[in-house]
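Enquirer: Kindly return the folded structure for what I paste below:
(one chain, ligands or ions: 1)
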Amino acid sequence: MGRRRRKVIRVQKRKLPTIYLCPKCGKETIRIKLLKDQEIATIQCGNCGLSDKFDLNPSLQEIDVYCQFTDKFY
Ligand SMILES: [Zn+2]
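Expert: Below you'll find the predicted structure:
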């Protein structure tokens with residue numbers, strides 16, 4: 001009977017793609033993916049193709065993965 005449905009507005013958190021500086025080619029083309037179900041983190045450069053994988057701890061953040069990655073590279 002003409003009941004109005006209230007529109008549910010969901011506030012979506014905008015997820016910015018996090019891009020880091022590549023230690024190899026020096027461009028901001030590094031992307032980090034945290035695969036929580038597989039407990040790994042993958043990191044890849046979209047420019048030179050440099051990539052790596054790390055074990056993921058629950059406390060680990062993208063930036064930590066990035067630090068490990070650059071440490072390993074240098
Ligand atoms: Zn690169």
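Enquirer: Flag every residue of the chain that's near the ion.
Expert: C22, K24, C25, C45, N47, C48, L50 (Cβ under 5 Å from the ion). Yep, even glycine has a C-beta here, placed from its N, CA and C like the rest.
Enquirer: quick one: the first one from P58, how far?
Expert: Using Cβ to Cβ, to the nearest Å, one obtains 27 Å as the distance from C22 to P58.
Enquirer: who's more crowded, these two?
Expert: Between C22 and P58, counting by other Cβ atoms under 10 Å, C22 is the more crowded of the two (22 against 6).
Enquirer: tell me the contacts of the more buried one?
Expert: By Cβ atoms under 8 Å, 6 or more residues apart in numbering, C22 lies in contact with E28, T29, I30, C45, N47, C48, L50.
Enquirer: which of those count as buried?
Expert: With burial judged by 16 or more other Cβ atoms under 10 Å, the buried subset of these is T29, I30, C45, L50.
Enquirer: which of the residues you listed lies closest to the ion?
Expert: Using Cβ to the ion, C45 comes nearest to the ion of the buried ones among the contacts of C22, at 3.2 Å.
Enquirer: Specify the beta-bridge partners of the closest one.
Expert: For C45, the beta-bridge assignment (DSSP bridges) gives partners I30.
Enquirer: does it really touch S51, like I thought?
Expert: Yes. Using Cβ atoms under 8 Å, C45 makes contact with S51 at a distance of 6.9 Å.
Enquirer: ok, back up a step: now render the contacts of C22 as a markdown table, adding pLDDT.
Expert: Below are the contacts of C22 laid out as a markdown table (pLDDT from 0 to 100):
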| residue | pLDDT |
| --- | --- |
| E28 | 95 |
| T29 | 96 |
| I30 | 95 |
| C45 | 97 |
| N47 | 97 |
| C48 | 97 |
| L50 | 97 |
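Enquirer: No more questions from me, cheers.
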